[in-house]
Every structure is written in structure tokens, then in C-alpha cells.
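A.B. asks: sequence? don't have it. structure:
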């Protein structure tokens, strides 16, 4: 254990930040799992209600990822990669749009 007063304070601050970061990362993982579950259920049974669920899950996951990046919990590139994974998962299961010429 540290003996210097400022070092003791830094240990407390580091622990507080570690717990906050852990909370953000856990929430991001949970929301991503919920989103992937919603996408798989949409792929099995495409409907407008399922798409609404997917869109709301995507919005909440994007929001939490952006907040984690803003707080410095995630690196900006890591956040962008996670959001890209989310978008790519939905893109794979959406019906291809007819290209109008």
C-alpha cells in the first residue's frame, strides 16, 4: 500500500475509474448481445414489429457506445468498429433492395 497521501488518493481514483469503466464496458456488451439476438429473431421471422425491435436495440447500443467513447472508456476506433459490426449484422439479413436505373 502507498504511504504518500497523493499516492493513496490516486489509488482510490484509479479504483473508482476502473469500476466506472467496467460498468460501461459491461453495458456495451449486454446491449450488443441484445441487438444480435434481435437481429437473429428478425432474420428468422421478418416483420415490421421485429424491425422496430432491431432499430430500438441498435439505437440504444449506438448511444451507449458513443457515451463510452466520449467518457474515454473505449478508444474511438474501438467504438467505430463495434458500431460497424452492428450495422453489418443487420445488413446481412436485410432483403437486398432493388436498384432502380
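C.D. replies: Now that the structure is in, tell me what you want to look at. It should be emphasised that the depicted structure is a prediction, and the values quoted were computed from it without experimental measurement.
A.B. asks: in the chain, which helix has the most residues?
C.D. replies: For the chain, the longest helix by residue count, based on DSSP state H, is helix 5-44.
A.B. asks: Go through that one and flag the buried ones.
C.D. replies: 24, 27-28, 31-32, 34-36, 38-39, 42 (16 or more other Cβ atoms under 10 Å). Quick note: C-beta positions are derived from backbone N, CA and C, even for glycine.
A.B. asks: so after it, what's the next helix or strand?
C.D. replies: Next helix or strand after helix 5-44 toward the C-terminus (DSSP states H and E): helix 48-71.
A.B. asks: that older thread, in JSON lines: the buried residues of helix 5-44, plus pLDDT and distance to residue 62.
C.D. replies: Putting these into JSON lines (pLDDT from 0 to 100; distance: Cβ to Cβ, whole Å) gives the following:
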{"residue": "24", "pLDDT": "95", "distance to residue 62": "14"}
{"residue": "27", "pLDDT": "96", "distance to residue 62": "13"}
{"residue": "28", "pLDDT": "97", "distance to residue 62": "10"}
{"residue": "31", "pLDDT": "97", "distance to residue 62": "9"}
{"residue": "32", "pLDDT": "96", "distance to residue 62": "10"}
{"residue": "34", "pLDDT": "96", "distance to residue 62": "13"}
{"residue": "35", "pLDDT": "96", "distance to residue 62": "9"}
{"residue": "36", "pLDDT": "95", "distance to residue 62": "14"}
{"residue": "38", "pLDDT": "94", "distance to residue 62": "13"}
{"residue": "39", "pLDDT": "94", "distance to residue 62": "14"}
{"residue": "42", "pLDDT": "92", "distance to residue 62": "17"}
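A.B. asks: Please identify which of these is nearest to residue 18.
C.D. replies: For these, the minimum distance to residue 18 (Cβ to Cβ) is 11.0 Å, reached by residue 24.
A.B. asks: I appreciate the help and will end here.
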